[in-house]
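**Student:** Next comes the sequence, and after it the predicted model I'd like to discuss.
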Amino acid sequence: MRTYDVSPLFRSSVGFDRLFELLNQADRVEASAAWPPYNIEKVAEDQYRITMAVAGFTSDEIDLTQQDTTLLVSGQKATQEGEKHYLHRGIAARTFRQTFNLAEHVKVVGASLENGLLTVELKREVPEALKPRRIAIGGTTAASGQDNAPTQIAREAKAA
């Protein structure tokens, strides 16, 4: 794997600290952080899906927590009443903790556990106030100040 030095970008960019920290962290990922294996897929323009292979875990043993732009998926196997004697143990039952960094306005809309696969559905929901809007050119502007309400702009454009 190649490593990239992003330190020159720190000196010439403002407001991209989080992105550069993610790039730096990517170099320091441990091999144990790759368990359990997972897929991230883009389902539609603003919909995503994370699928994790968590064979042997029940829905009660897995915890999903979203805090701001971080999704934490953790699992801890319940203690077994009697110790079993294994000749071969190939199904991992160790505790795991996987963190996913989400973009702004991405929310978890559902999760399911079926056939040993945990599926987490994500959707980007940008608030109307932050979506780009078209501004009509022409007409008169209000002298009292700026009004960002889309309905006001539409009325002014019709009046002109």
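**Tutor:** Cool, the structure landed.
**Student:** how deep is V43 tucked in, by neighbour count?
**Tutor:** Neighbours of V43 under the rule other C-beta atoms under 10 Å: 11. (C-beta placed from N, C-alpha, C; glycine too.)
**Student:** Contacts only, for it.
**Tutor:** R49, E121 (C-beta atoms under 8 Å, 6 or more residues apart in numbering).
**Student:** do the same with A111
**Tutor:** By C-beta under 8 Å, 6+ apart, A111 lies in contact with L64, L118, T119, V120, E121.
**Student:** so for whatever helix or strand it lives in, what's the average pLDDT?
**Tutor:** Remark: A111 resides in strand 106-114, with elements defined by DSSP states H and E. Averaging pLDDT along strand 106-114 yields 92.
**Student:** Tell me the helix or strand right after that strand.
**Tutor:** strand 117-124.
**Student:** Can you measure across stretch 61-71, start residue to end residue?
**Tutor:** Distance between the two ends of stretch 61-71: 17 Å, counting by C-alpha to C-alpha, to the nearest Å.
**Student:** brain fart, stretch 89-106
**Tutor:** 38 Å.
**Student:** one step back: give the partner strands of the strand holding A111 in its sheet and their orientations.
**Tutor:** With DSSP bridges as the test, strand 106-114 is paired with strand 117-124 (antiparallel).
**Student:** Could you tell me the model confidence score at A26?
**Tutor:** 62.
**Student:** I meant to write D68 there.
**Tutor:** Predicted confidence (pLDDT) for D68: 85.
**Student:** now it: how far from P127?
**Tutor:** 15 Å (C-beta to C-beta, to the nearest Å).
**Student:** Mark which of the contacts of A111 are buried, thanks.
**Tutor:** Neighbour counting by 16 or more other C-beta atoms under 10 Å classes L118, V120 among the contacts of A111 as buried.
**Student:** From the contacts of A111, pick the one nearest L102.
**Tutor:** V120 (10.6 Å; C-beta to C-beta).
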